[in-house]
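Q: Dropping the sequence and predicted coords here.
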Amino acid sequence: MNGDPTTTPAHACNELAHAEPRASLPFVLEGSVTLIGSSPVIVRVRKLIETASATPCTTLITGETGVGKSIVARLIHLAHLGDQPFVRVSCGCMSDHLIEAELFGYEKGAFTGAASAHRGVFEQAEGGTLFLDEIATLPPHLQTSLLGVLDDKIIRRIGSEMNRRINVRIIAATNADIEAAVARRRFREDLFHRLDVLRIHVPPLREHREDIRALWDYFVNTLGSHDGRRFRTPDEEHDLLVQYDWPGNVRELRNLAERAILLSNDSTLQPSLLLRNQAAQTAPVAGNAGEARFLPLATVEREHIRHVFTRMSRNYTRAARVLGISLSTLRRKIARYGLDHAD
């Protein structure tokens, strides 16, 4: 039902065993789950969350990267299944074989390296919610398997002959144009309709700018409370934040708040300076022939890393946190750009 177990290579087990854990909620601070904002579009999202919470129907959450789709999924779960498991899997971050093992599990000896049995996420989420993020990236053969699970509520582990009945609520999310994927036959139409029982679209931040101040204050107050510090943001700074288009949406706003706090010399935050530096690094520069040219990406990245690394007193851990990358990635980039011995 879930594909031929003999096609699953040995590296699937190894990948699964060594896969890095990912944060399940990009905007959750100190374990809280909340949807900030009072704009009409956010009020509508809240109402749809209430509707979804009142029924076990499959729900599809759409929206750009960084808008808070995982927050919406968690809120739906917490309304009535808060004491049950909430399991998130990102369909776009694993190989075809790894996602199959992750979804359905496998038995001991199912393939080379399967030293013990492994419960898949359907079993792990029993009685609760399975959140399938980036669902549009699911490989075609697994789209067929998922459709069967949604219809029959039955799974079979790789290497097993036994069917297992499941009781799991399915919430899926995508930042892609899934209707276009259906039209191009990259996503099964029948699976799309099976997932799209209730649709919740989370709007980009630029479409509810009136919520930016409340979001900013929430992030600053919560992040600043970690070390007992309190910050103020002048009204003119709030105005500049509202004018910015936020291509990274709420995630970008949250990350900017953290950078502003870490780089601040006093209790007054000036986040527009960070946005201004970013804009300046990517702004076109006049060429010799009067044509516009842009700085190479490597140059922009090198200068930004150098700036943050210097401001963090060359502390690798703090710089990696501000930049939003792993410590190993930062060390590699610093070595590549020759910043390890730079003044």
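A: Ah, there it is. Numbering: from 1, shown residues only.
Q: The helix or strand harbouring residue 88 - contacts with which helices or strands?
A: Secondary-structure element containing residue 88, defined by DSSP states H and E: strand 86-90. Counting by 3 or more CB pairs under 8 Å, 6 or more residues apart in numbering; DSSP states H and E, the packing neighbours recorded for strand 86-90 are helix 69-81, helix 96-104, helix 121-124, strand 129-133. (Glycine included, C-beta is placed from N, CA and C.)
Q: Output the contacting helices and strands for the third one.
A: To tie it back to what came earlier, the one meant is helix 121-124. strand 86-90, helix 96-104.
Q: One more pass at 6 Å, please.
A: strand 86-90 (3 or more CB pairs under 6 Å, 6 or more residues apart in numbering; DSSP states H and E).
Q: before we move on, what about the first one?
A: The helices and strands touching helix 69-81, judged by 3+ CB pairs under 6 Å, 6+ apart, are helix 40-53, strand 129-133.
Q: And the first one, what's buried?
A: Just to be clear, that refers to helix 40-53. Neighbour-count burial for helix 40-53 flags 42, 45, 48-49, 52-53 (criterion: 16 or more other CB atoms under 10 Å).
Q: what's the closest of those residues to residue 338?
A: Distance to residue 338, by CB to CB, is smallest for residue 42 among these, at 45.8 Å.
Q: what's the closest one in contact with, if anything?
A: Shown in contact with residue 42 (CB atoms under 6 Å, 6 or more residues apart in numbering): residue 208.
Q: and what of residue 213?
A: residue 238.
Q: Flag every buried residue along the helix or strand encompassing it.
A: Taking DSSP H and E as the definition, one finds residue 213 inside helix 212-224. Residues of helix 212-224 classed as buried: 212-213, 215-220, 223-224 (neighbour count, 16+ other CB under 10 Å).
Q: Could you tell me the angle between it and helix 40-53?
A: 70 degrees (axes from the mean of the first three to the mean of the last three CA atoms, to 10 degrees).
Q: Quote the end-to-end distance of stretch 72-89.
A: Stretch 72-89 stretches 15 Å from its first residue to its last (CA to CA, to the nearest Å).
Q: ah, wrong one, I meant stretch 131-147
A: Note: stretch 131-147 ends 15 Å apart using CA to CA.
Q: Give the rounded mean pLDDT of that stretch.
A: Here stretch 131-147 scores 94 as its mean pLDDT.
Q: With stretch 52-66 instead?
A: On average, stretch 52-66 scores 95.
Q: cool, stretch 190-202 as well?
A: Rounded mean pLDDT across stretch 190-202 is 97.
Q: from memory residue 86 sits against residue 77, does it?
A: Yes - between residue 86 and residue 77 there is a contact under CB atoms under 6 Å: 4.8 Å.
Q: which one of those two has more residues nearby?
A: Taking other CB atoms under 10 Å, residue 86 and residue 77 do not tie; residue 77 has more neighbours (24 against 21).
Q: quick one: contacts for that one?
A: The neighbours of residue 77, taking CB under 6 Å, 6+ apart as the test, are 86, 129.
Q: Look up how far residue 158 lies from it.
A: According to CB to CB, to the nearest Å, residue 77 and residue 158 sit 27 Å apart.
Q: and if you look at residue 233?
A: From residue 233 to residue 158 the distance is 52 Å (CB to CB).
Q: Settle it for me: which of those two has more neighbours?
A: Shown here are residue 233 and residue 158; by other CB under 10 Å, residue 158 has more neighbours (26 against 19).
Q: can you pull up the bridge partners for the more buried one?
A: On the basis of DSSP bridges, residue 158 is bridged to residue 106.
Q: which element follows the strand or helix carrying residue 171 toward the C-terminus?
A: In the assignment (DSSP H and E), residue 171 maps to strand 169-174. Counting by DSSP H and E, the next helix or strand C-terminal to strand 169-174 is helix 178-183.
Q: just how off-centre is the next helix or strand after that next one within its chain?
A: Note on helix 178-183: by DSSP H and E, the next helix or strand toward the C-terminus is helix 189-195. A distance of 23 Å separates the centroid of the chain from that of helix 189-195, by CA atoms, centre = their mean, to the nearest Å.
Q: residues contacting residue 206?
A: By CB under 6 Å, 6+ apart, residue 206 lies in contact with 245-246.
Q: Surely it is within a helix?
A: Yes - checked against DSSP: H, G, I helix; E, B strand; the rest coil, residue 206 lies within a helix.
Q: how much space between it and residue 37?
A: As judged by CB to CB, residue 206 and residue 37 stand 13 Å apart.
Q: quick one: low-confidence parts of this protein?
A: 1-32, 97, 227, 276-295, 341-343 (pLDDT under 70).
Q: Could you list the domains of it?
A: 5-203, 208-336 (automatic domain parsing).
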